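Peer 1: Would you be able to build a 3D model of this:
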Amino acid sequence: MSDAAAVPAYNVDVKLTVKNNPNRSQFINMTIDTVPAGATRLRGTWRGARVFVPSQGGDFNWDGRAGQELVEAFDGPASAARVVLGLEKFTGAPGKLPGRGAGGAGIVFDPADPAFRLEITWRIT
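Peer 2: As a prediction, this is how the structure comes out:
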């Protein structure tokens, strides 16, 4: 048995930028411990400082199936939490997780204010 800490199979830093105010941005880290070959639906964890996303972390679900290609990030465990962030076109090659340089659009949600929607862009750094 090794004393070395396990290295996650997927670990990326993602820059989120407010679409109509590019000077306003924040970073989140997204990690998936195990990525089985051929998997197109996975769960991971995310964390980051509370800037404009109204949470500091939780679970996220990734769906890389054609027509989905998105991430839903929650403000805690996915089974008992609310969506705070949606990232669209979050995919690399068809059915694969995206890598450095990939980017797209998304939306920040505030569970305390259902009318709140903040359009953002995302880019893996």
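Peer 1: Can you show me the strands along this structure?
Peer 2: With DSSP state E, the ranges of strands along the chain come out as 10-18, 21-32, 41-47, 57-63, 70-74, 83-88, 103-110, 113-124.
Peer 1: Among these, which comes closest to Pro94?
Peer 2: Taking C-beta to C-beta as the criterion, strand 57-63 is the member of the strands of the chain that comes nearest to Pro94, at 12.9 Å. The C-beta positions use only the backbone N, C-alpha and C, and glycine is treated the same way.
Peer 1: who's in contact with Gly38?
Peer 2: When contacts are counted by C-beta atoms under 8 Å, 6 or more residues apart in numbering, Gly38 is found next to Gly95.
Peer 1: Which pLDDT does the model give it?
Peer 2: Looking at Gly38, its pLDDT stands at 89.
Peer 1: where's the closest residue to Asp63 other than its chain neighbours relative to Ile124, distance?
Peer 2: Taking C-beta to C-beta, 6 or more residues apart in numbering as the measure, Asp63 lies nearest to Arg41, with 5.3 Å between them; neighbours along the chain are not counted. The spacing between Arg41 and Ile124, counted by C-beta to C-beta, to the nearest Å, is 19 Å.
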